[in-house]
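Visitor: Any chance you can model this:
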Amino acid sequence: MILVIGGSASGKSAWAENYMAALSEEKYYIATMSACDSESKRRIDQHRKQREGKGFITVEQPVDIQKAAGKMKYGIKPALLECISNLAANEMFAGVVPAKEEIVAEKIVMGIAALMEEVLQLVIVSNNVFEDGRIYDDTSMAYIRAMGQINARLAAMADEAVEVVAGIPVRIKGRQKGTAASCIW
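Guide: Reported below is the predicted structural model:
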């Protein structure tokens, strides 16, 4: 598994998609964003155009991420999961009352562990939502803490972790230069 993290509009999604395009002709794109407003619809359209012609088979899975495996055709293939911040928001705010951050984090991490058993390679895109130094309302802070727990646990599970800054991938965990996979860096 490779965890790709970065700030908003950092280039992390484009980097992850290009990485996957170099891996395999046929691969899955597990989309977690729900089209609930004009901004989310715009971003979904932007991501669809960005991955056009790259051989992705799209699986829509905004919650219960482990269920994505049941939507994939027989045969183990690589998959790109885009993105943890949307998945966490969907899980946390699906009900009338927001779900507890620990429950959301556990559900997502366990769902990803199950999904990893069904794919050849999993590349996961996540947002870095921690660096603005602001204090928000209790609900927003619970979401930020859940994202922190999820990202930390996924980084521990990952074989590699990459932070994309201004479109440039910076390896923070994993293979060293000179290995077979370094040619795409």
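Visitor: all contacts plus neighbour counts: C-alpha atoms, from now on.
Guide: Noted.
Visitor: And the strands in the protein, which stretches?
Guide: According to DSSP state E, the chain carries its strands in the segments 2-6, 27-31, 56-60, 79-82, 122-127, 160-165, 168-173.
Visitor: chain center to the second one: distance?
Guide: Going back to what we said before, that points to strand 27-31. 10 Å (Cα atoms, centre = their mean, to the nearest Å).
Visitor: For that strand, which strands pair with it and how are they oriented?
Guide: Partners of strand 27-31 in the sheet, by DSSP bridges, are strand 56-60 (parallel), strand 79-82 (parallel).
Visitor: Of these, which stretch is the most buried?
Guide: strand 79-82 (a mean of 26; mean count of other Cα atoms under 10 Å).
Visitor: any idea of the mean pLDDT in that one?
Guide: In this model, strand 79-82 carries a mean pLDDT of 95.
Visitor: okay, and the helix or strand of this structure with the least pLDDT?
Guide: helix 38-51 (a mean of 79; mean pLDDT, DSSP states H and E).
Visitor: List the buried residues for that helix?
Guide: 44, 47, 51 (16 or more other Cα atoms under 10 Å).
Visitor: What count of nearby residues applies to residue 175?
Guide: Neighbour count for residue 175, taken as other Cα atoms under 10 Å: 14.
Visitor: Next: residue 166.
Guide: Around residue 166 there are 13 residues (other Cα under 10 Å).
Visitor: Could you list which residues are in contact with it?
Guide: Residues in contact with residue 166 (Cα atoms under 8 Å, 6 or more residues apart in numbering) are 10, 11.
Visitor: In terms of secondary structure, what does the top helix by length along the chain contact?
Guide: As assigned by DSSP state H, the longest helix anywhere in the chain is helix 138-157. Packed against helix 138-157 by the contact rule (3 or more Cα pairs under 8 Å, 6 or more residues apart in numbering; DSSP states H and E) you find helix 84-92, helix 101-116.
Visitor: for those, which one sits closest to residue 31?
Guide: helix 84-92 (9.0 Å; Cα to Cα).
Visitor: Mind giving me the packing neighbours of that closest one?
Guide: helix 101-116, strand 122-127, helix 138-157.
Visitor: For the ones you listed, state which one has the densest average packing.
Guide: strand 122-127 (a mean of 23).
Visitor: Partner strands of it, with direction?
Guide: Take DSSP bridges as the rule and strand 122-127 pairs in its sheet with strand 2-6 (parallel), strand 79-82 (parallel).
Visitor: Other residues contacting the longest helix of the chain?
Guide: Under Cα under 8 Å, 6+ apart, the answer for helix 138-157 is 1, 3, 84-85, 88-89, 92, 98, 100-102, 104-106, 108-109, 126, 129-130, 135, 161.
Visitor: let's see 7 Å
Guide: 3, 85, 101, 102, 104, 105, 109, 129, 130, 161 (Cα atoms under 7 Å, 6 or more residues apart in numbering).
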